[in-house]
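Participant: Sequence below, structure please.
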Amino acid sequence: MRTALPISKVKYSLALLIATGVLSITPHKATAQELTQNNDPVKKTAPVVTIKVEDTDEDEDGDRADRSLNCGGTERWSEKVLVDAAVGTINWTPVVQTVTQLANLSTPTPSTTMPRTGPVETTCYQVSCSITIKKAESDNDYHLVLSDGSSTVIGEIPDPSCSAAAASAYVNDFIAARNFIDANIASGNVSSVSIPPVVVTGVGFVDPPHGQTGAAPNNFEVHAITNIHFQTATGITNQALTLKASVGPNPFNTSTEFQLNSNLNDLNKVTLTLFDMQGQIVRDEEVPVIGTSQIDYVMPKGNLTPGIYFYRFRNNGAILYEGRVVAQ
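Facilitator: Coordinates of the predicted model:
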């Protein structure tokens with residue numbers, strides 16, 4: 001008598017056959033109802049065939065310059081980037097808390113489909129803390145573990161060049177927060193961050209548990225972070241001033257000039273990537289470096305159509321600086 005294989009082994013075998021091309025699947029043509037039942041602007045509606053891996057904060061690809069832009073998650077993404085229907089109910093006067101207090105807040109049972117739920121998700125919080133871990137997520141978020149020595153909570157900063165985040169009224173806050181991280185913490189995943197204490201401000205969020213590093217027992221997160229700065233001037237080194245950047249004119253008609261100066265003298269292969277509001281790359285080019293510390297690059301408008309664009313400078317593949325410009 002033949003013994004039936006366990007379901008897990010059947011699934012694994014099917015995935016292996018598909019991945020190796022032994023077994024093929026005919027793409028499913030989405031119906032009109034399927035295409036319209038989810039209006040999240042990040043998701044593409046073109047029919048595709050994929051073997052989906054559950055969304056997880058443990059699945060990081062790092063700051064790889066050569067990867068395609070992989071924007072957005074699949075669970076409550078509009079709430080995460082502050083474009084949901086209830087974003088207007090947020091009270092933006094910060095409530096000062098410790099990390100331990102945040103980790104002990106009364107929170108609703110998390111759901112992947114629940115709308116923004118007050119009061120915990122309609123409150124802006126401010127917390128003095130240390131950043132102990134930084135991860136570059138596969139959805140392009142910056143994942144930070146915030147600690148007060150006794151408890152930890154997660155803080156997240158969305159990628160401003162992803163279309164949903166780009167449409168947020170708080171996109172400039174995301175850009176500024178990420179530039180602070182880029183200027184003071186190494187790129188990619190950093191398992192032991194060593195910078196002075198910071199003050200983090202952002203909106204409360206309740207995330208279903210899925211193995212996130214640094215998760216609080218009540219599933220509370222600061223998502224999204226809208227401001228981050230050093231707690232005091234005491235003990236701050238030149239880390240905070242490693243890079244100075246300016247761009248102008250902005251908006252621009254025919255060209256705009258990017259000026260970057262690094263005190264670390266570490267500029268080598270620097271690239272400039274330009275994204276449109278849909279997160280599509282419209283330009284990707286290497287820019288000249290003066291010595292090892294300066295960039296003075298005039299970008300012509302060329303064939304850019306009038307609109308908002310997000311730019312990202314990378315140095316040897318690592319994110320150096322981000323921002324947005326407006327072509328007229």
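
Participant: For Leu320, which residues are in contact?
Facilitator: 182, 243, 260, 270, 313-314 (Cβ atoms under 8 Å, 6 or more residues apart in numbering). (Each C-beta comes from the backbone N, C-alpha and C, glycine too.)

Participant: Report the buried residues of the helix or strand hosting it.
Facilitator: Here Leu320, judged by DSSP states H and E, is contained in strand 318-327. Along strand 318-327, these residues count as buried under the neighbour rule (16 or more other Cβ atoms under 10 Å): 318-325, 327.

Participant: And stretch 174-192, by the same measure?
Facilitator: In stretch 174-192, counting by 16+ other Cβ under 10 Å, buried: 174-185, 187-190.

Participant: Return the two entries of these that lie farthest from one another.
Facilitator: Farthest pair in the buried residues of stretch 174-192 (Cβ to Cβ) is Ala176 and Asn189. Separation: 22.1 Å.

Participant: and the nearest residue to Thr305 once chain neighbours are set aside, what are its bridge partners?
Facilitator: For Thr305, ignoring the flanking residues on the chain, the nearest one in space by Cβ to Cβ, 6 or more residues apart in numbering is Ala327 at 7.3 Å. Per DSSP bridges, the residues bridged to Ala327 are Phe252, Gly307.

Participant: Is Ala327 in contact with Asn250, as I believe?
Facilitator: No - with contact defined as Cβ atoms under 8 Å, Ala327 and Asn250 do not form a contacting pair (9.5 Å).

Participant: Report the separation between the two terminal residues of stretch 262-279.
Facilitator: Counting by Cα to Cα, to the nearest Å, you get 27 Å between the two ends of stretch 262-279.

Participant: ranges for the strands of the stretch 201-328 of the chain?
Facilitator: Assigned by DSSP state E, counting those that start in this stretch, the stretch 201-328 of the chain shows strands spanning 220-230, 243-248, 255-262, 270-275, 281-287, 294-300, 307-315, 318-327.

Participant: Just list what the first one packs against, helices and strands only.
Facilitator: So that's strand 220-230. Counting contacts by 3 or more Cβ pairs under 8 Å, 6 or more residues apart in numbering; DSSP states H and E, strand 220-230 packs against helix 99-103, strand 123-136, strand 152-157, helix 171-184, strand 198-206.

Participant: Rounded mean pLDDT for the strand holding Leu320, please.
Facilitator: Mean per-residue pLDDT for strand 318-327: 96.

Participant: OK, contacts around Ile319?
Facilitator: Contacts for Ile319 (Cβ under 8 Å, 6+ apart) come out as 63, 178, 182, 187, 312-313.

Participant: beta partners for it?
Facilitator: Beta bridges link Ile319 to Arg314, judged by DSSP bridges.

Participant: now stretch 163-170: mean pLDDT?
Facilitator: 93.

Participant: Arg314 and Arg178, how far apart?
Facilitator: Distance, Arg314 to Arg178, by Cβ to Cβ, to the nearest Å: 13 Å.

Participant: whoops, I mixed them up, Trp77
Facilitator: Per Cβ to Cβ, Trp77 is found 18 Å from Arg178.

Participant: go on, Asn263?
Facilitator: Per Cβ to Cβ, Asn263 is found 20 Å from Arg178.

Participant: ok, now Gln294?
Facilitator: Using Cβ to Cβ, Gln294 is found at 22 Å from Arg178.

Participant: And Val282, by the same measure?
Facilitator: 20 Å.

Participant: again, but for Lys244
Facilitator: Lys244 is 17 Å from Arg178, by Cβ to Cβ.

Participant: Nice, that's everything, thank you.
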